[in-house]
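**Q** Structure, please.
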Amino acid sequence: MNTHTPARRRIAVGAAALLAAPALGGAGASAHETTTVVPTYTVVQEGLTAEQGGELARAFGTENALQPNGYFSYVDTAYGQVPLTEAAAERGGEKGEQITAQTLDTKALQRIRPVADEQALERGAELVKLAQLSPDLTATPEVTHTELTITSTTGRTARAKAKVYPLDTVVSYRLDLGGLPVTGQGAKLRLTVGPDGAVTQLSSALRQVEKSGKAEVISPRRAYAQCAALYGEGVKQDEPTLGYQFPELSAADASGKGTVSTILPQYTCNPADGAQAHRLVPAVEGAAPAGKIGAVRTGGTISAKVSVDGGTAPYTYLWSSSSTVLTSRNEAGITYERSPRDREDGGEQLTVEVTDANGLAATAHVDLGSDGETSAEFQPGGGGFGALSTGRTDVGIEQTINEWQCAQDSANGFRNVMADHGVPTQFDWRGASAFERDFKEPYDNSYVDDVDATWYTGHGWPGGFTFKGAHDDTTITPGDARWGNNDLEWLQLESCQVLRDTNGNHDYFGRWRQAFAGLHILNGFDTNAYCVGGGTGGTFASYLFPKKFLWWQLRPAYRVQSAWAAMAIDREPSGVKYRSMGLIRSDGVTNIGDYFWGQGPTGPDIPLTAGTGMWSLSGTV
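**A** Prediction:
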């Protein structure tokens, strides 16, 4: 990246994140209170119309990838393409699947010359022009590259020199409205230019807004108190950040008309603990939904209902349990039977998140450790973001933050899309039922390493990822990991910074190399990652399979690594950096080109002892 491109400001977080200015100092928030008034905005248009989508596709020579909600999301199969050469056929995998070994085409790789930053910025300027930014909305570009990093390994440290190959040129935009940062699923402009000058990726998700008034915002001290109440005791807070949140687009049939009518300022909570998620609290007093939850426990049966007022109807209701996977959603009441993994565990926490039509949320939870009734008021804020293989293709889910609806959405989406394509979920453990020992030998042979792909959502840091209980401790660190010697091919970590380059020398190679005992690809993030409404699991899984309408194929299946990249581009905000990594065998064979079983070539298991190098593929959204 050229030195003249603007730098981004970030804060460290755990399983979820919001881009924000650096925190200014939590409990030490200024004692001198001042009144701050900021603009409010009316939504004039929701995303792109059908006509605008067609114009955008023609301008950049892409397929028309406009979605019904007004989001234009195009990712070509050539995006981040790594040149590979098919090697000799090999024997099947654990279940007799067809194996196709592929090696890096190093000569072709060395010939790749990404276009100059200036050329990509010119295409980016076209995108901004076609986006027709609202008067108070500004877009600041950043140029990055999708990068393939290759290193040889010496012993366990993988500290040999790494070589980085830029594969393309990416322009993404930071958005500001009325001088305050804008984030969210409805605020994205990004494009990628391939080495041949063709646009291989294009994202446009914006609202047209106009200033409609002013609102007095609560003070940082008041927002700090609301953040503290939202997270509960024991989670220290830094000063929250004021900005605007554009929720996911909500148009119907690309009409430009959706359910969101007003954009109000919100505060981003900044918990001092880097393993905690960043959530939102409304910045205007009384703007969010309010109300009460009442719940009853009788034996193993839980019943609950909510009463809501305030905010802007219609409301969305999302439920989550600490013991049970809940599929019922968007109802003001719920009844279910507890299904804890540990039958002696009598604890039960039920959480409901209510979101109004403008994306303002409120959260309430009740503890039901024994029979009886209980209730709680809503708190403003929420969102955020054994057996050997039996010859089947299946997947698993471990999700450790059941109280965050976005995490539930990721797990539900992954499970549902896989089921739609005939792939069963062997295990689905959430909250306190997700055990770290499921990732450790010998227990993993019955769980994580007994399926083809596992999806994990939870808090993380460069040294590992976390769990709620102690089965037998509360974390997975690189020293615990030996994956793929039974079955596992692809592990997805929706967690902050687990694959972070902490020193600029690609130290993630050394940290995680010993985890590859046959594992093909480890997918994760270098930076913070959003836990977004609607989740990311379903988006990732959908890219593993072709998209069809009747008998027409609208797009082919993507490689596993490409599906991870496409998911990040679709769902993560600007500034997030995704990463995938794996081994290189002594003869040059890699699993970069892996497809999910039955969708294209899939490479062989590479034992750690046969790995003489490693690769990683990363890009910035």
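
**Q** For this protein, which residues score under the pLDDT cut-off?
**A** Applying pLDDT under 70 to the chain flags residues 1-34, 88-96, 153-160, 273-277, 328-329, 383-392, 549-551.

**Q** how about 50 then?
**A** Residue ranges of the chain with pLDDT under 50: 1-32, 154-159, 386-391.

**Q** per-domain residue ranges of it.
**A** 290-380, 386-620 (automatic domain parsing).

**Q** Deepest in the core, which of these is it.
**A** Ranked by mean neighbour count under mean count of other Cβ atoms under 10 Å, these are led by domain 386-620, which reaches a mean of 21. The way it works is simple: take the backbone N, C-alpha and C, and place the C-beta from them, glycine included.

**Q** all helices for this protein, in order.
**A** Listed in chain order, the helices of the chain (DSSP state H) span 50-60, 106-111, 117-131, 220-231, 405-420, 508-512, 537-543, 560-571.

**Q** Any chance of the ones you listed in JSON lines with distance to Ser370 as columns?
**A** Formatted as JSON lines, the helices of the chain follow (distance: least, Cβ to Cβ, whole Å):
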{"stretch": "helix 50-60", "distance to Ser370": "55"}
{"stretch": "helix 106-111", "distance to Ser370": "62"}
{"stretch": "helix 117-131", "distance to Ser370": "55"}
{"stretch": "helix 220-231", "distance to Ser370": "25"}
{"stretch": "helix 405-420", "distance to Ser370": "25"}
{"stretch": "helix 508-512", "distance to Ser370": "43"}
{"stretch": "helix 537-543", "distance to Ser370": "34"}
{"stretch": "helix 560-571", "distance to Ser370": "39"}
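
**Q** Mind checking those helices for the one nearest to Gly463?
**A** helix 508-512 (7.5 Å; Cβ to Cβ).

**Q** can you map out the strands along the stretch 151-300 of the chain?
**A** Assigned by DSSP state E, counting those that start in this stretch, the stretch 151-300 of the chain shows strands spanning 162-166, 169-177, 180-183, 188-193, 199-205, 207-217, 237-245, 262-263, 265-271, 280-282, 290-298.

**Q** With distance to Leu84 as extra columns, can I get these in TSV?
**A** Formatted as TSV, the strands of the stretch 151-300 of the chain follow (distance: least, Cβ to Cβ, whole Å):
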stretch	distance to Leu84
strand 162-166	13
strand 169-177	22
strand 180-183	36
strand 188-193	20
strand 199-205	17
strand 207-217	41
strand 237-245	41
strand 262-263	45
strand 265-271	41
strand 280-282	43
strand 290-298	53
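
**Q** Please name whichever of those strands is nearest to Phe509.
**A** Per Cβ to Cβ, nearest to Phe509 of those: strand 162-166, 7.3 Å.

**Q** Contacts for the closest one, please.
**A** Strand 162-166 is contacted by residues 109-110, 112, 114, 145-151, 505-506, 509 when judged by Cβ atoms under 8 Å, 6 or more residues apart in numbering.

**Q** what does stretch 122-134 give?
**A** Outside stretch 122-134, the residues touching it (Cβ under 8 Å, 6+ apart) are 41, 44, 52, 55-56, 59-60, 139, 141, 171, 173, 177, 189, 191, 193, 199, 202, 204, 206-210.

**Q** hmm, try it at 6 Å
**A** Here stretch 122-134 makes contact (Cβ atoms under 6 Å, 6 or more residues apart in numbering) with Leu56, Ala139, Pro141, Val171, Leu189, Leu191, Val193, Ser204, Leu206, Gln208, Val209.

**Q** So in terms of bridging, what pairs with the last one?
**A** Think Val209. Val43 (DSSP bridges).

**Q** Then the third one?
**A** Counting by DSSP bridges, Pro141 is bridged to Tyr173.

**Q** Please work out how many residues are found near it.
**A** 19 (other Cβ atoms under 10 Å).

**Q** just so I know, which of the helices of the chain lies nearest Gly372?
**A** helix 220-231 (24.0 Å).

**Q** who does that closest one touch, helix- and strand-wise?
**A** Packing partners of helix 220-231 (3 or more Cβ pairs under 6 Å, 6 or more residues apart in numbering; DSSP states H and E): strand 237-245, strand 280-282, strand 379-380.

**Q** quick one on the thing from earlier: got TSV for the domains of the chain, with distance to Phe246 too?
**A** Conversion of the domains of the chain to TSV gives the following (distance: least, Cβ to Cβ, whole Å):
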stretch	distance to Phe246
domain 290-380	8
domain 386-620	10
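
**Q** nearest to Gly70, of those?
**A** domain 386-620 (14.0 Å).

**Q** Highest mean neighbour count out of the helices and strands packed on helix 220-231?
**A** Mean neighbour counts for the helices and strands packed on helix 220-231 (mean count of other Cβ under 10 Å) peak at strand 280-282, with a mean of 28.

**Q** Show residues contacting that one.
**A** Taking Cβ under 6 Å, 6+ apart as the rule, strand 280-282 contacts Ala223, Gln226, Cys227, Gln266, Tyr267, Ala288, Leu360, Pro380, Gly381, Gly383.

**Q** got CSV for these, with distance to Glu348 too?
**A** Shown next, in CSV, are the contacts of strand 280-282 (distance: Cβ to Cβ, whole Å):
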residue, distance to Glu348
Ala223, 31
Gln226, 26
Cys227, 26
Gln266, 31
Tyr267, 31
Ala288, 26
Leu360, 28
Pro380, 24
Gly381, 23
Gly383, 24
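
**Q** I figured Tyr244 hits Pro181, correct?
**A** No: counting by Cβ atoms under 6 Å, Tyr244 does not reach Pro181; the two are 7.4 Å apart.

**Q** I'd like to know how far Ala120 sits from Pro166.
**A** From Ala120 across to Pro166, the span is 12 Å (Cβ to Cβ, to the nearest Å).

**Q** the more surrounded of those two?
**A** Remark: of Ala120 and Pro166, Ala120 carries more neighbours, 24 against 16, as counted by other Cβ under 10 Å.

**Q** Show the contacting residues for the more buried one.
**A** With Cβ under 6 Å, 6+ apart, Ala120 has these contacts: Thr169, Val171, Val193.

**Q** closest to Gly346 among the residues you listed?
**A** Looking across those and measuring by Cβ to Cβ, the closest to Gly346 is Val171, at 53.9 Å.

**Q** got the contact list for Tyr480?
**A** Just so we're on the same page, residue 480 is Asp rather than Tyr. Contacts of Asp480 (Cβ under 6 Å, 6+ apart): Lys440.
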